[in-house]
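Undergrad: Sequence unavailable; structure follows:
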């Protein structure tokens, strides 16, 4: 069974423009706004009942989000699926030979644990718990 969608990560060059636009169109403020220093990213998150939109702005030219934006411009960076046991899922994927960016979970936005797989033939997939 395919896990539930947790969030969509959208890379942007200007987070304040997104915040202003979401306020103007939907009268919505971010449910969370935070910086994850080790990932060199600022995130504005908007939750609905089931799925979050996470807008990602790089805080450094050498961040993965900055590199993504240089190649592709604003757009979907990743889709994250919700799993019950992230460490177990990572071990399972590693044992099956999938290329992982993270072999252990790391801190994500909104108090979530996250990890990423690289080019898993269906795009960049993130996992969240």
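TA: Alright, I've got the coordinates. Model, not experiment: these values are computed from the prediction. Residues are numbered from 1 along each chain as shown.

Undergrad: Could you list the low-pLDDT ranges of the chain?
TA: Low-confidence segments of the chain, defined by pLDDT under 70, span residues 119-127, 129.

Undergrad: show me where it has helices.
TA: Remark: helices assigned in the chain by DSSP state H are 15-26, 64-72, 86-95.

Undergrad: Which elements pack onto the first one?
TA: Just to be clear, that refers to helix 15-26. Helix 15-26 sits against strand 41-47, strand 52-58, with contacts defined as 3 or more Cβ pairs under 8 Å, 6 or more residues apart in numbering; DSSP states H and E. C-beta: built from backbone N, CA, C; applies to glycine.

Undergrad: before we move on, back to that, okay if I get the helices of the chain as TSV plus distance to residue 109?
TA: Shown next, in TSV, are the helices of the chain (distance: least, Cβ to Cβ, whole Å):
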stretch	distance to residue 109
helix 15-26	12
helix 64-72	13
helix 86-95	15
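
Undergrad: Looking at those, which is nearest to residue 3?
TA: The closest of those to residue 3 is helix 86-95. By Cβ to Cβ, the value is 8.7 Å.

Undergrad: nearest to residue 14, of the helices and strands packed on helix 15-26?
TA: Of all the helices and strands packed on helix 15-26, strand 52-58 sits nearest to residue 14, with 6.9 Å by Cβ to Cβ.

Undergrad: Kindly point out the strands partnered with that closest one and how each is oriented relative to it.
TA: Next to strand 52-58 in the sheet, as set by DSSP bridges, lie strand 5-11 (parallel), strand 41-47 (antiparallel).

Undergrad: can you redo those as JSON lines with mean neighbour count and distance to residue 90?
TA: Listed next are the strands paired with strand 52-58 as JSON lines, based on neighbours: other Cβ atoms under 10 Å; distance: least, Cβ to Cβ, whole Å:
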{"stretch": "strand 5-11", "mean neighbour count": "21", "distance to residue 90": "15"}
{"stretch": "strand 41-47", "mean neighbour count": "21", "distance to residue 90": "21"}
